[in-house]
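Undergrad: A structural model of the following input is requested.
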Amino acid sequence: MTSANTATMPERIVADLIDAGEPTGELLLKVSQVAKVLQVVDRTVLYLLQENRLGYITTGKRGYRIPRALLAQYMLENLVPRQITEAEQALAQIQQAIENSRTELASLTARIAAAKAELAEAGTPTRRRRSTQTVA
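TA: You can find the predicted model right below:
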């Protein structure tokens, strides 16, 4: 885990995500470990390595190790901004729905007030009272 004093909030979140996915504390992760952290298949991680989108160290002909720091950097640059954008879009939709509801509520309140005013002008009582007379 990263110290609260030395890391910003997104960096702490990414470090916690890596620790949650791969709690071994190793500094160099295997492709399968990175796939587990990113919640993808191994082939996707290999694609990221081949495209140089994720830094790595080779260990033999077909072996790769991904430094934990480079994985954290990749996650900060690629995953966190996308999730923030998606959250901002969802928030904007919710705020629009709230505004629409407020507008509709104001319209209904005005219609109710207008209906009450019409009834008051017409002299029609708004409530009927029951008769207390008994029929014999």
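
Undergrad: ok, and what's touching stretch 19-26?
TA: With contact meaning Cβ atoms under 8 Å, 6 or more residues apart in numbering, stretch 19-26 is reached by 1, 29, 33-34, 36-39, 68. Using the backbone N, CA and C atoms, a C-beta is placed for each residue, glycine as well.

Undergrad: try 7 Å
TA: With Cβ atoms under 7 Å, 6 or more residues apart in numbering as the test, stretch 19-26 has contacts from 1, 29, 33, 36-37.

Undergrad: tell me the centre residue of the chain?
TA: A87 (4.2 Å; Cα atoms, centre = their mean).

Undergrad: coming back round to it: tell me which of the contacts of stretch 19-26 fall in helices.
TA: Judged by DSSP state H, helices contain the following of these: 33, 36-37.

Undergrad: which one of those residues is nearest to L105?
TA: Nearest to L105 out of these is V37 (Cβ to Cβ; 46.0 Å).

Undergrad: chain center to the strand or helix carrying A106, what's the gap?
TA: With elements taken from DSSP states H and E, the one containing A106 is helix 80-122. In this view, helix 80-122 has its centroid 23 Å away from the chain centroid, taken as Cα atoms, centre = their mean, to the nearest Å.

Undergrad: adjust the sequence numbering to begin at 59 for everything that follows.
TA: That works, and once the first residue is 59, the last one we named lands at helix 138-180.

Undergrad: what about that helix, average pLDDT?
TA: Averaging pLDDT along helix 138-180 yields 86.

Undergrad: and it, what does it pack onto?
TA: Here helix 138-180 touches no other helix or strand, going by 3 or more Cβ pairs under 7 Å, 6 or more residues apart in numbering; DSSP states H and E.

Undergrad: ok, and what's touching the longest strand along the chain?
TA: Determined from DSSP state E, the single longest strand within the chain is strand 122-125. For strand 122-125, contacts defined as Cβ under 7 Å, 6+ apart pick out 85-89, 92, 107, 112-117.
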